[in-house]
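>>> starting from these lines, generate the structure:
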Amino acid sequence: MTAVQHAPPAGRPAPAPGRPPARRRGAARPWRTPEPPPTGVARLLPHTVAGRVRALTALAAVLLVAMLAVSWWAIANAREGVRVIGQDAGPQVVATGDLYFQLTDMDAQLANALLIGGAAGDGRTQALARYDENRQKAGTALLKAAKLADETTEDNTARDVLDALGRYEYLAGRALLLDEQSQHASGPPSDKVIDLYRQATDLMKLDVLPKAYNLTLDNGTLVRHTYEDKRSAVLAGRTWIMVTGVALLAVLLGFQLYLARRFRRLLNVPLALATLGTLALLLAGATMLSGQAGHLRKAKEEGFDSILALSRTRAISNSAAADETRFLLDPGRADAYEQVYLSKSQTVLYLKAGNLTEYNQAVQSNLAFEPGRAKFLGFLGTEANRPTESDKRRAQLADALGKALKDYQKVQANDSQMRVLVHGGQREQAVAGRSASAADFTEYDRSLQALARVHQTAFDEAVKDGDDGTSGWYAVLPIAGVVIAALVFVGVRPRLAEYRWSK
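Have a look, this model is predicted:
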């Protein structure tokens, strides 16, 4: 059946072939299929321009707060690390490290006083005066150690050292009193004096000194843990500042591009200033924290560690010198004191040797070194190989260490000569020569102190730089945060006011 085709109404042209007829005015619009609702993550995203602008503003604010919070946390850790290492525990640990030297010097001066006896001169008086001076310094150092103790075990150790030191002083006083009553002018003291001295020196070596060293180690652990924790926190803070700062920069740049495309504005000036401010804060914060990590490392490794090690070197060297006196004072233990002297000498500066003769020969010929390439070990070997950033300070350390090594050679040469005299039956000449060798040892000890002062300077500089490096940052962070947030708000508000409705 053929379809009937109706002609168009009169006065209206027929539609062109292939085109749908025009919709009559007033007729209903054709039905359009609605877009399906968003699913998944898209449901959480804003679907209007105003919503997107507000979302980007909120994201920028969150990242800004995160960046400021991380910066604040990292700066607080840096300041705490500098305070503990440079102003609180660090100096007190050095003071307790000096305690070991003062205790060993007490025992050395007691041995000197007993060896000199009633011989002519004022050597005994000087030895006893130095003994009393070190006794007072040791008491002060113990008080500092007790104040520093933050655990029961450390406090108990300090009390034990004080108690053992009191027993040592009692034995030392009895030995000196009995020796004064005998008034020997030459030769070793009486057997009773020697017996009392043995009790005193054994108490010092086996009880007082080990506990004092443990006290130094315990307190040093506080500094080491503080350094490791705070420096790690500073470096972690620097990383998170960079992460949050870069994310904030990306959001601000993306925000700038979105506004330029949507509102056909080439540049949003307040938003651009906020971006530049964020970049400046990011770079300044990361640089400052890198510097703080460097100051902490310098204060700990180039300053504190070396100062404490050289304090230990002085104490062991002084104890070795006391073993020389004990070698002369107590012939019954001469072999033991000789072997102990070799062990302590190799702790200070290690060179392979089977006996003191071989050691002295090695010391006299093998102490030339280049910084960082020393062939000898021990405390002085560690010092020679310790890395240093500053060329000027490296030269200062090399000169100071070179002087200390030359003086150490003299000390070992004097020891060798003294033992040759004793083994040759010339004990009185060996005792008489102790005054000259004592002067050389004093010069060597001064060289160690001069070397320590170079490290003390580095330590003080690092602590000062650490304090100055964070100065004012607690004011900079909130001010910078308010300024950046205000610029973002000023840049966004007119755009929201412009916008009425859009999809």
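>>> just checking, next helix/strand downstream of the longest helix anywhere in the chain?
For the chain, the helix with the greatest residue count under DSSP state H is helix 209-263. Per DSSP states H and E, the first helix or strand lying C-terminal to helix 209-263 is helix 269-297.
>>> how about that next one: buried residues?
By 16 or more other Cβ atoms under 10 Å, the buried positions in helix 269-297 come out as 270-271, 273-275, 277-278, 281-282, 285-286, 288-289, 291-296. Heads up, the C-betas are built off the backbone N, CA and C, glycines and all.
>>> the inter-axis angle of it versus helix 209-263?
Helix 269-297 and helix 209-263 are oriented at 170 degrees to each other (axes from the mean of the first three to the mean of the last three Cα atoms, to 10 degrees).
>>> elements contacting helix 269-297?
helix 49-83, helix 209-263, helix 434-469, helix 473-498 (3 or more Cβ pairs under 8 Å, 6 or more residues apart in numbering; DSSP states H and E).
>>> show me which residues of the first one are buried.
Along helix 49-83, these residues count as buried under the neighbour rule (16+ other Cβ under 10 Å): 49, 52-53, 56-57, 59-61, 63-64, 66-68, 70-83.
>>> low pLDDT regions in the chain?
Low-confidence segments of the chain (pLDDT under 70): 1-47, 49, 118-121, 145-151, 183-188, 218-219, 263-265, 389, 495-503.
>>> for the residue positioned nearest the centre of it, which non-adjacent residue is spatially closest?
When Cα atoms, centre = their mean is applied to the chain, the residue found nearest the centroid is Lys300 (3.0 Å). Of all residues not flanking Lys300 in the chain, Tyr227 sits nearest, at 4.6 Å (Cβ to Cβ, 6 or more residues apart in numbering).
>>> please, where are all the helices along the stretch 51-200 of the chain?
89-116, 123-148, 152-182, 191-203 (DSSP state H, counting those that start in this stretch).
>>> okay, the angle between the third one and helix 209-263?
Computed with the same axes, to 10 degrees, the direction of helix 152-182 lies at 150 degrees from that of helix 209-263.
>>> report all helices and strands that helix 152-182 contacts.
Helix 152-182 packs on helix 89-116, helix 123-148, helix 191-203, helix 209-263, going by 3+ Cβ pairs under 8 Å, 6+ apart.
>>> now do the shortest one
If you count contacts as 3+ Cβ pairs under 8 Å, 6+ apart, helix 191-203 packs onto helix 89-116, helix 152-182, helix 305-329.
>>> how about a markdown table for those helices, with mean neighbour count and distance to Ser343 added?
Below are the helices and strands packed on helix 191-203 laid out as a markdown table (neighbours: other Cβ atoms under 10 Å; distance: least, Cβ to Cβ, whole Å):
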| stretch | mean neighbour count | distance to Ser343 |
| --- | --- | --- |
| helix 89-116 | 25 | 15 |
| helix 152-182 | 17 | 22 |
| helix 305-329 | 24 | 9 |
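>>> can you confirm Cys368 is in a strand?
Careful, residue 368 is Ala and not Cys. No: inclusion of Ala368 in a strand is not indicated when DSSP: H, G, I helix; E, B strand; the rest coil is applied; the result is coil.
>>> just give the number of residues close to it.
10 (other Cβ atoms under 10 Å).
>>> could you do Pro387 as well?
Count around Pro387 with other Cβ under 10 Å applied: 9.
>>> can you tell me the closest non-neighbouring residue to it?
Going by Cβ to Cβ, 6+ apart, Pro387 has Gly372 as its nearest residue, at 6.6 Å.
>>> backbone dihedrals for the one you found, please?
Here is the backbone geometry of Gly372 (degrees, to the nearest 10): phi 90, psi 0.
>>> show me what contacts it?
Residues counted as contacts of Gly372 (Cβ atoms under 8 Å, 6 or more residues apart in numbering) are Ala384, Asn385, Pro387.
>>> what's the closest of those to Asp399?
Minimum distance to Asp399 across those is 12.3 Å, recorded for Ala384 (Cβ to Cβ).
>>> how many other residues sit next to the closest one?
24.
>>> didn't it look like it was pressed against Pro371?
Yes: using Cβ atoms under 8 Å, Ala384 makes contact with Pro371 at a distance of 6.7 Å.
>>> and Pro371, helix, strand or coil?
coil.
>>> so it touches Leu397, yeah?
Yes: applying Cβ under 8 Å, one finds Pro371 in contact with Leu397, separated by 7.2 Å.
>>> the two: which has the busier surroundings?
Between Pro371 and Leu397, counted using other Cβ under 10 Å, the more crowded position is Leu397 (22 against 16).
>>> ok, and the closest non-adjacent residue to that one?
Val454 (5.6 Å).
>>> and that neighbour, how far from Arg386?
Distance of Val454 to Arg386, computed by Cβ to Cβ, to the nearest Å: 11 Å.
>>> shared neighbours of these two, anything?
Leu397.
>>> on that earlier part again, distance of the residue nearest to Leu397 from Lys392?
From Val454 over to Lys392 (counting by Cβ to Cβ), the distance is 10 Å.
>>> if you count surrounding residues, which of these two has more?
Val454 (21 against 8).
>>> test my guess that the more buried one contacts Ala400.
Yes: contact criterion Cβ under 8 Å: Val454 and Ala400 qualify, at 5.5 Å.
>>> contacting residues around Tyr474?
Trp72, Ile75.
>>> make 750 the starting number, not 1.
Yep, numbering from 750; the last one is Tyr1223 now.
>>> circling back to that earlier point, save the helices and strands packed on helix 940-952 as a markdown table, and put in distance to Leu1236 too.
A markdown table is the format used below for the helices and strands packed on helix 940-952 (distance: least, Cβ to Cβ, whole Å):
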| stretch | distance to Leu1236 |
| --- | --- |
| helix 838-865 | 43 |
| helix 901-931 | 53 |
| helix 1054-1078 | 46 |
